[in-house]
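Undergrad: Show me how the following folds:
(2 chains)
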There are 2 protein chains.
Amino acid sequence: MVSVAIMGHGVVGSGVAEILTTHKNKLFASLGEELYIKYILDLREFPDSPLADRFTKNFDDIINDIDVRVVIEVMGGLNPAYDYVKRCLLSGKSVVTSNKELVAAHGAELLSIAKDNNANFLFEASVGGGIPIIRPINQCLVANNVSEIAGILNGTTNFILTKMINEGMEFDVALKLAQDLGYAERNPEADVEGHDACRKICILASLAFGKHIYPDAVHTEGITKITLDDVKYAEIWGGVIKLIGKVKRLENNKCDILVAPMFVPNKSQLANIDDVFNGIMVRGDCTGDVVFYGKGAGKLPTASAVVADIVDCAKHLKNRKYLFWTDSDNSSVIDYKDSVTAMYIRAIADDTKAAYTKAEELFKDIHILSKDDAKQGEIAFICEPLAYGEIEKNIDTLNNSGIKVESAIRVGDL
Amino acid sequence: MVSVAIMGHGVVGSGVAEILTTHKNKLFASLGEELYIKYILDLREFPDSPLADRFTKNFDDIINDIDVRVVIEVMGGLNPAYDYVKRCLLSGKSVVTSNKELVAAHGAELLSIAKDNNANFLFEASVGGGIPIIRPINQCLVANNVSEIAGILNGTTNFILTKMINEGMEFDVALKLAQDLGYAERNPEADVEGHDACRKICILASLAFGKHIYPDAVHTEGITKITLDDVKYAEIWGGVIKLIGKVKRLENNKCDILVAPMFVPNKSQLANIDDVFNGIMVRGDCTGDVVFYGKGAGKLPTASAVVADIVDCAKHLKNRKYLFWTDSDNSSVIDYKDSVTAMYIRAIADDTKAAYTKAEELFKDIHILSKDDAKQGEIAFICEPLAYGEIEKNIDTLNNSGIKVESAIRVGDL
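TA: Presented below is the predicted three-dimensional model:
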């Protein structure tokens, strides 16, 4: 019997308790012994829970119980999760978490503490919910140098964009619907401004490249400024707009990483990933492109990834030395202004012909996009790949020439 | 240092040797020690190989060397692979293989021998080439009851079908092209008749359901009878024709498994998997649908999956008790005639109106498909889900009524 403690009884935590109960026999068959929930830490009362006798409000019950070998952190947020997880690892207990904020902020330190204390720190559920991604990158693709990872990492924004694309819904209306359906928080900032996707691409980048990349080093744009006009121009171009988290290893071994909405061509495997689903493309030098698709969030998908990690910890109570990356000062990340990208630009001008001439002068090669119901004076085009800093300068020049740029969205090389 | 032996120096074997050489540092970093190729078994001479001094023609060199802890079987075929693998496992050496024929024919026995001798028998590369699939199903989805697996498991047939769909190429022409490009063998039977896909779905089914399912229990149809008319009718219906390997757990815990071409709706994640790519959908009760996509064959993709297994074996020289299924007598597999499916049927009749009336009488609900350039007397329709045996009887009745059925293809519920 392996005793575990679950910290947090919210959506994911209650899902973990549910799966450990409903899938008891299957898990026993795989593990060869029972997984026993000894404690559930939550400040709230759950008198009607079948596990009511396991609840505690006191973290000390868990940290002081040498029986508890695996602790599951599903509280979310940094405090007190960070402190609790650290203390568990320091005392040699393995920790499983779904907390992307925690891993993105303190992953290197916690992995190092886990190693030093012969314990495991696993977080399959922190990226892609129920989609297997951490273990496949780490184990199955171990014989590859990963050159690039790009993914739709946030289900809420993908739901909103899907509604805009397929049903012509305005952003605000789609956001409201996502909130009504429980896909988006009342304060949707972490999703729609890209912060959630940023934490996830940081975790994947750290894993693939072996050095911690912190969220504050990653240029992050959300989807709040995207209009139905942009969606339509993407369609005319032959694609869709998706919020993409992307990291690419450059020839100098530096790392080009960002989160931003992008034009994705219809032929890309990422173009067809709709609604709350996530999809992650990993490019290895031996495998080529591998794509993982599934539900990136939700109670049972996320909880099932947590439980897979619990089984792994229970099978290997000592540190497996599989999952590890070192700390870093973010110096491997290039300035986002140096990142080279093609760009879609939409603007309003008094004289569209003169505006296109000006755009051609600035950007050299441009590909004009024509829309039947374009607004008076509207121009739209794709420019050839250029450093983002140069594109910004050119946009300033356009604005200063009376050509008001309303939208600028990267064209993903996906 | 962990010494390994590679049996076979063909496409995959030379790829394994290449990756172990070119990715030495990365593998060392992951494993913490060196992987040393002590022997390469091949009857041919490779005097110009940088590893020329490691070649042997004698299996005894490998089996008698206690230094060799991991043996890689990439010879293909059943003989002598089966005998060699068995003897390696009996002597406590772990074995990694990419040989789907071997795993599909003897997996249960070899897993059992591995367990009894405290060794590992791993075969990530046997399904999906470079796509992580065995380990994700086995480890990441351990907290799920898998209810269904469906996949495009053979790259050669997917290439041929893609050419038929996208370029209107006839089957024979597309097959010839596949042969010219090296995607298809001169004797293409194993691919185009579905045998290769059959072995792979057997491996996945055995893994997911814990009992060995042997290829001879699986109804298997190939793609040789598919015409461009069928491709066109699939498009009119709203989908594409794909060769699908599929296994579904029924309510009585029996198993509905087959390999056959199917109509796949455009909205399915499997519809957009083109060319030589593979895609595998796994439906879990907690995760929902998860899809894995990538190159299902090829030297380096397959070899990289083999090397990931070698690293796993080298990290865990004793049996990990992860990967296991028991032997079975195939009694859990239902007769393919009892398998319920919707069906597309195309026929030629003297009187199309009377033919549709007859079809409606036999199949109750039918959905007629109309094609502008239909041949004289051609009818085409989709029938509602029905046991396959009943469909066959109805097709006989149509034929006996002078309505000549030219094509019948399952409609995949994907």
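Undergrad: Check the secondary structure at A:Ala380 for me.
TA: For A:Ala380, the secondary structure call by DSSP: H, G, I helix; E, B strand; the rest coil comes out as strand.
Undergrad: gap between it and B:Gly8?
TA: Per CB to CB, to the nearest Å, A:Ala380 is found 56 Å from B:Gly8. Any C-beta I mention is one placed from the backbone N, CA and C, and that applies to glycine too.
Undergrad: now A:Thr302
TA: Going from A:Thr302 to B:Gly8 by CB to CB gives 42 Å.
Undergrad: same deal with A:Ala308?
TA: 33 Å.
Undergrad: More neighbours: which of the two?
TA: Shown here are A:Ala308 and B:Gly8; by other CB atoms under 10 Å in any protein chain shown, A:Ala308 has more neighbours (30 against 24).
Undergrad: That one belongs to a helix?
TA: Yes - using three-state DSSP, the secondary structure at A:Ala308 is a helix.
Undergrad: residues touching it, list them.
TA: A:Glu124, A:Pro132, A:Arg135, B:Gln139, B:Cys140, B:Leu141, B:Val142, B:Ala143 (CB atoms under 8 Å, 6 or more residues apart in numbering or on different chains).
Undergrad: Out of those, which end up buried?
TA: With burial judged by 16 or more other CB atoms under 10 Å in any protein chain shown, the buried subset of these is A:Glu124, A:Pro132, A:Arg135, B:Gln139, B:Cys140, B:Leu141, B:Val142, B:Ala143.
Undergrad: Which phi and psi values does the fourth one adopt?
TA: Main-chain dihedrals, B:Gln139, degrees, to the nearest 10: phi -110, psi -50.
Undergrad: That one: what's it in contact with?
TA: Taking CB under 8 Å, 6+ apart as the criterion, B:Gln139 is in contact with A:Pro132, A:Arg135, A:Ala308, A:Val311, A:Asp312, B:Tyr322.
Undergrad: which one of the residues you listed sits closest to B:Lys38?
TA: Nearest to B:Lys38 among those: B:Tyr322, at 26.1 Å, using CB to CB.
Undergrad: re the thing from before, and the buried ones among the contacts of A:Ala308, which two are furthest apart?
TA: The span of the buried ones among the contacts of A:Ala308, defined through CB to CB, is set by A:Arg135 and B:Ala143 at 13.2 Å.
Undergrad: Retrieve the pLDDT associated with the closest residue to A:Gly168 other than its chain neighbours.
TA: Setting aside the residues directly before and after it, A:Gly168 is nearest to A:Leu228 in space (CB to CB, 6 or more residues apart in numbering or on different chains), at 6.1 Å. Model confidence at A:Leu228, given as pLDDT, is 98.
Undergrad: A:Ala374 too?
TA: A:Ala374 carries a pLDDT value of 94.
Undergrad: where's it relative to chain B, distance?
TA: 30 Å (CB to the nearest CB, to the nearest Å).
Undergrad: what's near enough to touch that residue?
TA: The contact partners of A:Ala374, by CB under 8 Å, 6+ apart, come to A:Ala380.
Undergrad: ranges for the helices of the stretch 301-414 of chain A?
TA: With DSSP state H, counting those that start in this stretch as the criterion, the stretch 301-414 of chain A has helices at A:352-363, A:388-400.
Undergrad: same check, this time on the stretch 101-250 of chain A
TA: According to DSSP H, counting those that start in this stretch, the helices that the stretch 101-250 of chain A contains are A:134-135, A:155-167, A:171-180, A:189-192, A:195-209, A:228-237.
Undergrad: and the stretch 101-250 of chain A, which residues reach chain B?
TA: Residues of the stretch 101-250 of chain A found near chain B (CB under 8 Å from any CB of the partner chain) are A:124, A:130-132, A:135-136, A:139-145, A:210.
Undergrad: at 7 Å what do you get?
TA: Residues of the stretch 101-250 of chain A lying near chain B by CB under 7 Å from any CB of the partner chain: A:124, A:130-132, A:135-136, A:139-145.
Undergrad: Return the member of the residues you listed nearest to B:Ile409.
TA: In terms of CB to CB, no member of these lies closer to B:Ile409 than A:Ile131, at 31.1 Å.
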